[in-house]
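1. With the input below, show me the fold.
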Amino acid sequence: MRFILLMLNICILMFADDNRLLPTGFSVNQDTIKDKQIYPLNPRLKDYPDYIAGQAVRIKISSDKSKIAVITSGYNLLNNKNGHLDKKNSTEYVFIYSITGKNPKLIQVVKVPNSFYGFVWSIKNNAFYVSGGKDDVVYRYEYVKNKYRLTNKIKLMHKHGMVKFIRPMVAEMTITKDGRYLAVVNLENDSVSLIDTKKNKVVSEIDLKPHSKHISGGTFPFGIVITKNNYIYVSSMRDNELIKLHIKNNKLEITKHIKIGSQPTELAYDPRYNELYVCESRSDTIRVIDTENDKTLSLFHTLPTDQLKLSKKNLKGAKPNGISISSDGTKLYVTNGGANSVSIFTIKHEEDTLSIHFDGLIPTLWYPNDVLAYKNKLYIVNGKSLSGPNKDACRKSAVQNDEANSLCKAKNEYVWQTKNASLEVIKIPNKEELKNTTIATLKNDQMLSNSLTKKEIKIIKFLQKHIKHIIYVVKENRTYDQVLGDLKSANGDSNLTLFHEDIAPNHYALARNFVALDNLMASGSCSGDGWAWSTAAHTTEYEEKLMPMLYARRGFSYDVEGHNRNIPVSLDSLKLRDENSPQMKDENMLLVGDADVAAPDGPNEEASKGYLWNSALRKGLSIRNYGFFCNNSRYFLDKNDSNYLIPYKNSYKKDYRQAYPNKEELFDITDPYFRGFDMSYPDLWRFEEFKREYDNYTKNHDMPALMMIRLPHDHFGGFGQALAKVNTPKRQMADNDYALGLLVQTVAKGPYKDSTLIFVIEDDAQNGADHVSAQRTIGFVIGPYVKHHVAVSTHYTTVNMLKTIETILSIEPLAINDGYAQFMCDVFDIKQKDWSYKAAIPDILYATDLKLPKPKTKISIPSEHSNKYWIKKMQGQDFKDEDKLDTDSFNKTLWEGIHGSKY
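-> Predicted coordinates for the structure are as follows:
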């Protein structure tokens, strides 16, 4: 009874659905669903009785229909009471439920060291197979003595992925009707392995790429099904195609490559009609294919704008990712991960004609990944939950030693640890109920037409007329409380503040003088998806699958910002790839074509053209890029390597290039002398390069309409290589603060001050604690017509900021998220034209070798640990990219070194 009550309390706490606002701007209200049960995925760990696993991704029913299995693939790391990784309990899980009774009953939880989506029940129901993820194995569990036990570990025999320094990745799998063969997708090897289940070994493997080195195809395979005729279909997420295979004489053979819509992921097969259903996750469509001739029978959107009477057309972001066909073949159910819903369709076969009719929507919790229709119920697995406060992510009281400080890490409140998964069981609604749930879903996603007030229309039109330039600054990883917790008259917790006003005077001044946004949420959880949200207002399905795995070090590479497998794939020319990433010269040709598996498409499915700058370019606006989506790898080569980029302070004077964009459309609009993400390089020097160009704009009267600026030094790191003695966290934060202040001062004193707005946000908030939300962050709107000296507590997100930028520039939205998002009207006052700003110099910068104005008053250098201390404490961390470091350990060390121990 105690366990049941505990689960009930957790359920209410983590999955309550009363107008729960997400950091994406959507909400997860399910009040219109009359009959539902929510089961948090508690693996019943002895040392962590309250722990709820995250990232549930698949649900599978046994062939005798008596059991279901829910599979996790995500972060799921736990630290023990000493703050160290608990390897034994840091696993993925298979939750097995009996469904023979009225409600699902959890009968066993199976721990799997690593896994990635793949799961299949054996034909005889007494066993199942599950992916081993990066461990390159398939596990076989058999029901022995009233329990599923590991009986075989089938090795797939890969030393590494297609790129030699990336681990293999076992993805989805399927089994033949007679149970003899198991076909397994090797995502990082672009292949399929055929396992003989009698011998429990691989008997065949086939490369899915075309034989020609000049033709793209077969890369990043994921979904797989087998037909009754033993034909196998595999989805290629990067190349937007299906690969059709055939089993012949114990071997796999490729029959054909079939081009389809954008980013095919999950597949479902209906043997009654020999039809294949394909989730096209970037296109927001389902495609039905006749497997007799491989022709498309039907193609339809999971959020049909006409039937739903939506005001916005062609916007993507629903991300269909799970699919189920009813047992009688008359209903189709599809999870929309990006729209937090299930779409329901009626399937009709009349003579030789297939027709699909949209019935309606059911709202889910956050990010549904799969659905199973059985009898009169839907079983839905949701991947995330709201994070809520993470005050204990760093201790709020001073800590004097490492042992006590380990308690901070032992709280397990890193942002990915706060996103809990659930199994949701919903009675399939009738026609009348479905009308109500459809309306509720559209309300959750802000899609019902909410006409603007006269005041809002007036503000928008006024700003569109008077604002001609936007400067968009993206910084790195800070929570609100971590920096602005001391700010009076706003909702902060000073106990959690690491960087007080003496270190970040410009952050405090900007919040006081303009608007303190004390309820601003970073839509991204980490830099990997944070940069997608900050530049595209949504993520792709591949990014959603990738991120929690990547941050848990469960495989994959940082396949975002223009790179796939560390190859700058958006550059179609091998010459450009080699120039961008010369250290990848042997691998740059391995991914043919310029397709980017993680990039969003444009509104009309312009491949990989779904970013903010793409929308501005389509409008014909002038743009300048300072550091967005540039390759960092050449900053970290051996200094004797001819390809190493020397971090010169004024590289313009030497005509020495510092920036190589990862996107071809950014080449002509990127400042080549602005150094990207490199923690050894001061933000002040980045500002000085920006100011050099800004002065030319004022001289030539040609300031761009949109300027995107990366100021990354509040990420911290690289203490051993740091230049100009900006080599401690406090100094790096102060450097970032001063650079931001100078940027604002430059605009305030320039000729464009009355026509320029500056927007500032962090890409995510993963590296700190906050008493409101693990995703609450710092952000600013600065310039003319912005309110002065007020706190605005409206729930705004990264998406709202992008929406506001797009609206002022009169450019098209990027996805459903920003398309239906709220403009940040509460920030503006069209009568408040006058503004000014003078940057403050943090005193601690006088302890560096940065060139600064002579102080006019006596300075007071704050106490801090030495550079040697930070080098020692951060030993083993990787600061070469935004998030190659052990973030949890980094946060712990940062708190200890700044707030927790004596200097």
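2. Flag the shaky bits of this protein, pLDDT-wise.
-> 1-19, 394-408, 870, 874-903 (pLDDT under 70).
3. Which strands or helices does the longest helix along it pack on?
-> Identified as the longest helix of the chain according to DSSP state H is helix 729-748. Contacts defined by 3 or more Cβ pairs under 8 Å, 6 or more residues apart in numbering; DSSP states H and E place helix 729-748 against strand 469-475, helix 505-513, helix 683-700, strand 756-762. Where C-beta positions appear, they are placed from N, C-alpha and C, glycine not excepted.
4. which SS state does Asp818 fall under?
-> helix (DSSP: H, G, I helix; E, B strand; the rest coil).
5. hang on, isn't it packed against Leu802?
-> Yes. With contacts defined as Cβ atoms under 8 Å, Asp818 counts as touching Leu802 at a distance of 5.1 Å.
6. Run the chain-centre distance for the longest helix of the chain.
-> Put simply, helix 729-748 sits 28 Å off its chain's centre (Cα atoms, centre = their mean, to the nearest Å).
7. How about stretch 231-238?
-> 24 Å.
8. Closest to the centroid, which residue in this structure?
-> Centrality entry for the chain: nearest residue to the mean C-alpha point is Asp529, 2.7 Å, by Cα atoms, centre = their mean.
9. if we can go back for a sec, arrange the helices and strands packed on helix 729-748 in JSON lines, one row each, with distance to Asp671 and mean neighbour count as further columns.
-> Formatted as JSON lines, the helices and strands packed on helix 729-748 follow (distance: least, Cβ to Cβ, whole Å; neighbours: other Cβ atoms under 10 Å):
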{"stretch": "strand 469-475", "distance to Asp671": "13", "mean neighbour count": "24"}
{"stretch": "helix 505-513", "distance to Asp671": "23", "mean neighbour count": "22"}
{"stretch": "helix 683-700", "distance to Asp671": "6", "mean neighbour count": "18"}
{"stretch": "strand 756-762", "distance to Asp671": "17", "mean neighbour count": "24"}
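10. quick one on the thing from earlier: helix, strand or coil: sort out the residue nearest to the centre of the chain for me.
-> With three-state DSSP as the criterion, Asp529 reads helix.
11. Would you mind confirming that it is in contact with Ala537?
-> No. Look at Asp529 against Ala537 with Cβ under 8 Å: they stay out of range, at 11.9 Å.
12. This structure - how does it break down into domains?
-> Following automatic domain parsing, one gets these domains for the chain: 115-259, 454-524+610-864.
13. picking up where we left off before, now the angle from the longest helix of the chain to helix 683-700?
-> Angle between the axes of helix 729-748 and helix 683-700 is 10 degrees (criterion: axes from the mean of the first three to the mean of the last three Cα atoms, to 10 degrees).
14. rewinding a little: any common contacting residues for Asp818 and Leu802?
-> Shared contacts of Asp818 and Leu802 (Cβ atoms under 8 Å, 6 or more residues apart in numbering): Ala537.
15. Strands of the stretch 1-150 of the chain, start to end?
-> 36-40, 56-61, 67-72, 92-98, 105-112, 119-121, 127-131, 137-143, 148-155 (DSSP state E, counting those that start in this stretch).
16. Could you dump the ones you listed into CSV with mean neighbour count and distance to Leu448 added?
-> Putting the strands of the stretch 1-150 of the chain into CSV (neighbours: other Cβ atoms under 10 Å; distance: least, Cβ to Cβ, whole Å) gives the following:
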stretch, mean neighbour count, distance to Leu448
strand 36-40, 19, 22
strand 56-61, 23, 29
strand 67-72, 25, 32
strand 92-98, 23, 36
strand 105-112, 17, 38
strand 119-121, 21, 37
strand 127-131, 25, 40
strand 137-143, 21, 46
strand 148-155, 15, 46
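17. Figure out which of the ones you listed is closest to Pro600.
-> strand 56-61 (20.9 Å; Cβ to Cβ).
18. Check the offset of the closest one from the chain's centre.
-> That offset, for strand 56-61, works out to 21 Å (Cα atoms, centre = their mean).
19. Show me what that strand is packed against.
-> For strand 56-61, the packing partners by 3+ Cβ pairs under 8 Å, 6+ apart are strand 67-72, strand 119-121, strand 368-374, strand 377-382, strand 422-427.
20. In its sheet, which strands sit next to it, and in what direction?
-> strand 67-72 (antiparallel) (DSSP bridges).
21. between the partner strand and strand 137-143, how many degrees?
-> Using the same axes, to 10 degrees: strand 67-72 against strand 137-143 is 150 degrees.
22. For the nearest residue to Tyr635 once chain neighbours are set aside, give me phi and psi.
-> Counting by Cβ to Cβ, 6 or more residues apart in numbering, Tyr635 lies nearest to Asp678, which is 4.5 Å off, once chain neighbours are set aside. With angles defined as degrees, to the nearest 10, Asp678 sits at phi -150, psi 110.
23. try Leu666
-> According to degrees, to the nearest 10, Leu666 has phi -90, psi -10.
24. again with Lys431
-> Dihedral angles (degrees, to the nearest 10) for Lys431: phi -60, psi -40.
25. Also the one 5 residues further on?
-> Per-residue torsions, Asn436: phi -70, psi -40 (degrees, to the nearest 10).
26. Could you double-check that it lies in contact with Thr32?
-> Yes. Counting by Cβ under 8 Å, Thr32 is a contact partner of Asn436 at 4.5 Å.
27. more crowded one of these two?
-> Per other Cβ atoms under 10 Å, whichever of Asn436 and Thr32 has more neighbours is Thr32, with 18 against 15.
28. How much space separates that one from Asn444?
-> Applying Cβ to Cβ, to the nearest Å, the value for Thr32 to Asn444 is 10 Å.
29. Ok, Val163 next?
-> Val163 is 40 Å from Asn444, by Cβ to Cβ.
30. neighbour count winner among these two?
-> Asn444 (25 against 19).
31. how near is the more buried one to Leu22?
-> Counting by Cβ to Cβ, the gap from Asn444 to Leu22 is 9 Å.
32. Return every residue with contacts to both of these two.
-> In contact with both Asn444 and Leu22: Val28, Asn340, using Cβ under 8 Å, 6+ apart.
33. Where does Trp357 sit: helix, strand or coil?
-> Small correction: residue 357 is His, not Trp. His357 ends up strand, using three-state DSSP.
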